[in-house]
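What follows is a predicted structure for the sequence shown.
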Amino acid sequence: MREFSANLGFLWTDRPLPDAIRAAKAAGFAAVECHFPYDTPAAETRAALLETGLRMMTLNTRPGGTGDFGLLALKDREAEARAAIDEAFAYALATDTRAVHLMAGKHGDDATYHANLAYACDSAPPGMTLLIEAINRWHVPDYHLNTTAQAVDTLKTLNRPNLKLMFDCYHVGRTEPEVFNDVDTLRPLIGHIQIAAVPDRSAPDHGSVDYVTLLPRLNWPGPIGAEYKPNGPTDASLDWLPRLSAC
Ligand SMILES: O=C(O)C(=O)[C@H](O)CO
Ligand SMILES: [Mg+2]
C-alpha cells in the first residue's frame, strides 16, 4: 500500500496548521508536510503530530521578502539566509520533522548558493535530510534552480550525504518530462517526492503525467508528498487517494 503525505501549504489552508494536521489524519494520509509553519508555535504543531501519530516530512526555509522565493543563493543576503536555515532547523527539531527544503531564491549566484548550502550541511542536526528542488520556469521565472540537471550538478558539486533532491513530478512534468526516463539513475540522489496534476497543479488524477503508471516505476518507499492546489474544498478533492494508494 503506497503512502502519501498531505502538503499543508496547499491542502486545508482554511484552518490553523494543527487543525490541518488533524484533517489530514481523518482523510487517511500517512504523513504531512508544510511550507512555512513559522506563525504556529512549534509546541502546537508537535502536539497535533503526537495526537494524530503523523510525521512531518518536510518544511521550507523562509522565502525572504516579497518575490524572493528563498534566500540561499542571494548575494549579500548571507546573514538572512543563515538565520532562515537556523530557524528551520530549530523548528524541524522541535517537531521531529524529517527534512528541510532549502529555498534558493531568484537571481542568485552559485558561489553564494554553494557557501550557504555548505553552511546548512555542516550545521544540520544528525539524521536530518536537506533538500533542494528545481522549480519550473513557468511557475517561478528566474528561480536559481529551474531544471533537474542544475539541481543534480549542485548535489554533485557539494557532494554531501545529507543533501538530496526534492523530486517534484509537477515541476518535472511541466518543462522536462523526459527526466522521468532517468529515474533509476536519479533515485540515489532523491530525498523526497511530490506530485500534482500537470499542467494545472490540481489533484493528481488527470493531466499529462499518469501517476498510476509513474508511481510504481518510481518505487519510492516513503510517503509521497501530495502538493497540489484543490479546485475547491480539500475534502472534496481526495478521490485520487485510494486509487493511487493501491497502484
Ligand atoms: O513549489 C514547490 O513545488 C515547492 O515545493 C516549494 O516548497 C515552494 O513552496
Ligand atoms: Mg514542490
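Yes, it's here. These figures come from a predicted structure and were not determined experimentally. Ligands and ions are numbered 1, 2, ... in the order given.

how about the strands of this protein, start to end?
Counting by DSSP state E, residue ranges of the strands within the chain are 4-7, 31-33, 55-56, 58-60, 99-101, 129-133, 163-168, 190-195, 224-226.

Dump those strands to TSV, plus distance to ligand 1.
The way it works is simple: take the backbone N, C-alpha and C, and place the C-beta from them, glycine included. Supplementary listing: the strands of the chain in TSV, determined by distance: least, Cβ to the nearest ligand atom, whole Å:
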stretch	distance to ligand 1
strand 4-7	8
strand 31-33	9
strand 55-56	14
strand 58-60	5
strand 99-101	5
strand 129-133	6
strand 163-168	5
strand 190-195	6
strand 224-226	8
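
Out of those, the one nearest His107 is which?
For His107, the closest of these is strand 129-133, at 16.8 Å, according to Cβ to Cβ.

what angle do the closest one and strand 163-168 make?
For strand 129-133 against strand 163-168, the angle between stretch directions is 50 degrees (axes from the mean of the first three to the mean of the last three Cα atoms, to 10 degrees).

So what are the sheet partners of strand 129-133 and their directions?
According to DSSP bridges, the neighbouring strands of strand 129-133, each with its direction, are strand 99-101 (parallel), strand 163-168 (parallel).

So which residues make contact with it?
Strand 129-133 is touched from outside by 58, 98-102, 104, 117, 120-121, 124, 145, 151, 154-155, 160, 162-166, 168, 171, 191-192, with contacts defined as Cβ atoms under 8 Å, 6 or more residues apart in numbering.

Could you rerun that using 7 Å?
For strand 129-133, contacts defined as Cβ atoms under 7 Å, 6 or more residues apart in numbering pick out 58, 98-102, 104, 120-121, 124, 145, 151, 154, 162-166, 168, 191-192.

try stretch 43-51
In contact with stretch 43-51 (Cβ under 7 Å, 6+ apart) are residues 17-18, 21-22, 37, 55-56, 94-95.

And for stretch 198-216?
Contact with stretch 198-216 is made by 2, 169-170, 173-174, 180, 195-197, 226, 228-231, 237, 239-240, 244, 247, as judged by Cβ under 7 Å, 6+ apart.

if you look at the residues you listed, which of them are in helices?
Using DSSP state H, 169-170, 173-174, 240, 244 are the members of the contacts of stretch 198-216 that sit in helices.

out of those, which is most surrounded?
Within these, neighbour counts (other Cβ atoms under 10 Å) peak at Cys169, which reaches 26 neighbours.

so what's that residue up against?
Residues in contact with Cys169, defined by Cβ under 7 Å, 6+ apart, are 193-195, 209, 214.

repeat that with 8 Å
By Cβ under 8 Å, 6+ apart, Cys169 lies in contact with 180, 193-196, 198, 209, 211, 214.

Next one: Pro223 from Ala84, what distance?
Spatial separation of Pro223 from Ala84 under the definition Cβ to Cβ, to the nearest Å is 25 Å.

State the number of residues packed around the residue nearest to Ala203 when sequence neighbours are not counted.
Here the nearest residue to Ala203 in space, its sequence neighbours aside, is Ser237; by Cβ to Cβ, 6 or more residues apart in numbering that works out to 4.7 Å. Ser237 is flanked by 20 other residues according to other Cβ under 10 Å.
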